Each structure stands twice: as C-alpha cells, then as structure tokens.
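Got a sequence here, can you model it:
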Amino acid sequence: IWEERWSPYVPERGLYLVQELPVIGMQAETLLDVEPARRLAGLQAASVAALFLAFGAVLFLVLERRRGLLELNERLEARVEERTLELSAANLRLSGEVAERRTAEAALTRAQAELVQAGKLSALGQMSAGISHELN
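The predicted structure follows:
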C-alpha cells in the first residue's frame, strides 16, 4: 500500500501489484484504488455495530420483560397466599356454623318429639276427663 498525491487521475492511496509473466518475458503492474475497500470496511463495521446495538436493545427488552414478569409473579403469589388465608378462615367459620346448625337441628327434633308426646298425653287426658265426666 502506498500513498502519493501525483495527479487527480491516480488514487491517493492504492495497492501496487507486480506479477512476472515468464511466458512473454514481461512483468505486469497494476495500481488498485483502496478507497472503495476502506468505505466497504467502514460500512461493514457500522453494520456490525448496528447489529450489536439492536441485539443489546432486544436483550434489554427481554430482561426488562422477565423482571416485570417476576415482579407480577411475586405479587400474584402474595395475593394467592392472602386469599388462601382468607378462605381458610372462612372455611373454619363455616365449619363452626355447620356444627351449630346441626346441634340446633338435633334440639329442634327433640323438641318436636316432646311436643308430639305432650300432645298425645293431652289428648289422653282430655279423653280420660270426658269419660270420667260421663261416668259421674
């Protein structure tokens, strides 16, 4: 690679190549402009940088979303635990109410049986009084 400023027709930076041509006994020389290759290398570097930047942005978004999901999951777990405690307390309270109602139902059944028995005894007493009145 050489650098010269000879004329506007010769590139400022170039690659000078020499190749021997033994068949014809001559030497081939060429001068290649390296500026397009430099521009291409710059574009490729910018493209790679843009890809890395895009990958970094996507990675950041994924990590932010994951953090948000973890936070929401923690909140949900706390709500589930709170609701479980509430439901356990309600279940305990309802179990107590069921036991009370069963006790009350048993007492009601006993009272009804006693009332039936009292009604029978009352009817028997009235019948006995009626017979006794008729006999006297």
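
could you check the distance from the most centrally placed residue in the chain over to S95?
Centroid-nearest residue in the chain: L69, 4.7 Å away (criterion: CA atoms, centre = their mean). Distance of L69 to S95, computed by CB to CB, to the nearest Å: 38 Å. Placement of C-beta: from N, CA and C, glycine included.

ok so G14 is a strand residue?
Yes: assessed with DSSP: H, G, I helix; E, B strand; the rest coil, G14 lies in a strand.

hang on, isn't it packed against D33?
Yes: with contacts defined as CB atoms under 8 Å, G14 counts as touching D33 at a distance of 5.6 Å.

Of those two, give the one with the bigger neighbour count.
Comparing G14 with D33 by other CB atoms under 10 Å, the one with more neighbours is G14, at 17 against 13.

How many neighbouring residues does the residue nearest to that one when sequence neighbours are not counted have?
Counting by CB to CB, 6 or more residues apart in numbering, G14 lies nearest to L31, which is 4.9 Å off, once chain neighbours are set aside. Neighbour count for L31, taken as other CB under 10 Å: 12.

Look at I24 and tell me its secondary structure.
Put simply, I24 is coil when judged by three-state DSSP.

all numbers from here: first residue = 14
Got it, the first residue is 14 from now on, which makes the last one we talked about I37.

Now do V61 against R115, distance only.
On the measure of CB to CB, V61 and R115 end up 79 Å apart.

what do you get for F68?
68 Å.

before we move on, the earlier item: per-residue pLDDT, the residue nearest to G27?
On pLDDT, L44 comes in at 76.

what does the one 5 residues further on give?
At P49 the predicted local distance difference test score is 85.

where does it fall, helix, sheet strand or coil?
State at P49, reduced to three classes by three-state DSSP: helix.

Do you have the strands of the protein handy? List them.
15-16, 26-34, 39-46 (DSSP state E).

Using JSON lines, lay out those together with distance to L128.
As requested, the strands of the chain are exported to JSON lines (distance: least, CB to CB, whole Å):
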{"stretch": "strand 15-16", "distance to L128": "123"}
{"stretch": "strand 26-34", "distance to L128": "120"}
{"stretch": "strand 39-46", "distance to L128": "120"}
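
That'll do, ta.
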